[in-house]
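> below: sequence and its predicted model.
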Amino acid sequence: MDFRGAHIISVKQFERSDVDEIFRVADAMEPYSQRDRVTNVLDGAILGNMFFEPSTRTRMSFGCAFNLLGGDVRETTDVKSSSISKGESLYDTARVISGYSDVIVMRHPQIGSVSEFAKASRVPVINGGDGSNEHPSQALLDLYTIKKELQSNQRQIDGMHIAMVGDLKHGRTVHSLSQLLLLYKDISFTLISPHELRMPEEIVSELNNAGHKVVETEDMENGLTDNDTVYLTRIQEERFTNKLEADVYRGRFRLNQAIYTRNCQPNTVIMHPLPRDSREDANELDNDLNQHPNLAIFRQTDNGVLVRMALFSLILDVADKVEQASRKVEWYTEGRF
Ligand code: CP
C-alpha cells in the first residue's frame with residue numbers, strides 16, 4: 001500500500017510486504033526510543049490525540065512516538081471534556097480537529113466510529129480502537145514482538161503455535177491480531193475462552209479458509225501445551241451490559257507460575273495487550289510471573305513506541321529523513337533505562 005497520507009483503520013488494509021515495511025522502519029527507530037539520538041523530522045507538526053475511551057498505553061505511546069519524531073501533541077482524553085458531550089457529530093468534530101492537526105489518532109467506543117470520522121477528516125486518521133472491533137496498531141506491535149521473541153528461539157511467525165485466552169468475543173486486540181495473521185502460513189491457533197465469549201465465527205472461518213489450524217476449547221490447561229506464544233486477555237467488562245454479567249466470567253482463566261510450569265513449553269512467550277486486571281477476583285496474569293524471562297508484556301509496551309513511530313514516519317512520508325534530521329543526545333544518563 002501507499003502509506004503516504006493513508007488512514008489506518010483496519011489490519012485488513014495490509015499486505016504482508018506492508019507489515020515488513022512497518023517493521024523495517026520500526027527497527028530503525030530504536031536509537032530514538034532509547035534516547036541515544038534525537039530527531040526533529042516532524043518539527044512543527046501536530047498530532048490530534050483523541051481518546052473517547054480510557055487508555056494508558058495507546059494514548060501515551062502514540063503521543064511519545066510523535067514527540068520523539070519532533071512533533072507536538074494536543075489531546076482530548078474523554079467525552080465529558082469534548083463538545084461531543086453537547087451533541088456534536090463525529091463529522092463536525094473531524095472537520096474541526098483535522099483543521100488543527102497533521103494526523104489524528106482516535107479511540108471511540110462505537111464499532112465503525114473511527115472509519116466514519118476518517119471520512120470527514122482532512123488529514124490521516126489512525127484507529128486507536130473502535131469498540132470491540134479493531135485495534136490495528138496493537139496488532140502490529142504484538143506481531144512485531146512475537147517476531148522478535150520467536151527469533152531469539154530460532155522460530156518464525158510462519159508455522160508458529162499461538163494460544164489466545166480470555167474474552168475473545170469482545171477483545172479487539174485478538175480480533176486484529178488474528179486477522180493480521182491471515183497474511184502468514186500454517187499457524188496453529190488454540191482459542192481458549194468461555195463458550196459465550198468465543199472468537200467471532202467470521203474470524204474463525206477466515207483463519208480456517210487461510211489454511212490455519214484452529215482449535216476452540218474451554219480446557220485451559222490442555223490448551224496451553226505446545227505453544228510458542230500464549231496471549232492472554234482481560235474480561236472486557238466495559239462491553240457487558242453490567243458488572244454482574246462480566247463477573248460470571250471473571251477469574252475463569254488465569255495464568256500463574258504453577259500453571260505455566262505444569263503446562264507450557266519452557267520457551268513459551270507470555271503476552272497480554274494490557275491492562276491486565278490485577279484485582280483478586282480476576283487476575284488473569286499473575287504477578288508471580290513478573291520476573292519470568294518469557295514474560296514479554298513490557299517488551300510489548302516498549303515496542304509500541306517503535307511501531308507507532310514507524311506508522312507516523314510512513315504516513316507523513318519522513319521515514320527516509322529521520323536520520324538526517326537527527327543528532328546524538330547530550331543529556332542521556334547511562335543506566336536510565
Ligand atoms: N493495550 C491497550 O490498548 O492499552 P490501553 O487501553 O491502556 O491503551
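Perfect, I can see it now.

> from here on, just use CA atoms for contacts and neighbour counts.
Noted.

> now check the top helix by length along the chain, is it near the ligand?
Ranked by residue count and defined by DSSP state H, the top helix of the chain is helix 297-315. No: judged by C-alpha under 6 Å from any ligand atom, helix 297-315 stays clear of the ligand, getting no closer than 8.1 Å.

> tell me the buried residues in that helix?
Within helix 297-315, the residues scored as buried using 16 or more other C-alpha atoms under 10 Å are 297, 300-315.

> packing partners of that helix?
Using 3 or more C-alpha pairs under 8 Å, 6 or more residues apart in numbering; DSSP states H and E, the elements in contact with helix 297-315 are helix 16-28, helix 30-33, helix 57-68, helix 136-151, strand 269-271.

> now mean pLDDT, distance to the ligand and mean neighbour count too, for these, in CSV please.
Shown next, in CSV, are the helices and strands packed on helix 297-315 (pLDDT from 0 to 100; distance: least, C-alpha to the nearest ligand atom, whole Å; neighbours: other C-alpha atoms under 10 Å):
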stretch, mean pLDDT, distance to the ligand, mean neighbour count
helix 16-28, 98, 18, 16
helix 30-33, 96, 18, 18
helix 57-68, 98, 4, 22
helix 136-151, 98, 6, 22
strand 269-271, 98, 11, 24
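
> coming back round to it: relative to the next helix or strand after the longest helix of the chain, what are the paired strands and their orientations?
Downstream of helix 297-315, the next assigned helix or strand under DSSP states H and E is strand 326-328. Strand 326-328 pairs in its sheet with strand 37-39 (antiparallel), by DSSP bridges.

> any idea how far the ligand is from Thr229?
17 Å (C-alpha to the nearest ligand atom, to the nearest Å).

> what's that residue in contact with, if anything?
Ile146, His161, Ile162, Ala163, Thr268, Val269, Ile270, Met271 (C-alpha atoms under 8 Å, 6 or more residues apart in numbering).

> hang on, isn't the last one packed against Ile297?
This means Met271. Yes: the pair Met271 and Ile297 qualifies as a contact (C-alpha atoms under 8 Å) at a distance of 5.2 Å.

> domain map for the protein?
11-134+302-328, 136-298 (automatic domain parsing).

> what's around the closest residue to Val214 other than its chain neighbours, how many residues?
Excluding the flanking residues, the one nearest Val214 by C-alpha to C-alpha, 6 or more residues apart in numbering is Phe189, at 4.8 Å. Using other C-alpha atoms under 10 Å, Phe189 is surrounded by 23 other residues.
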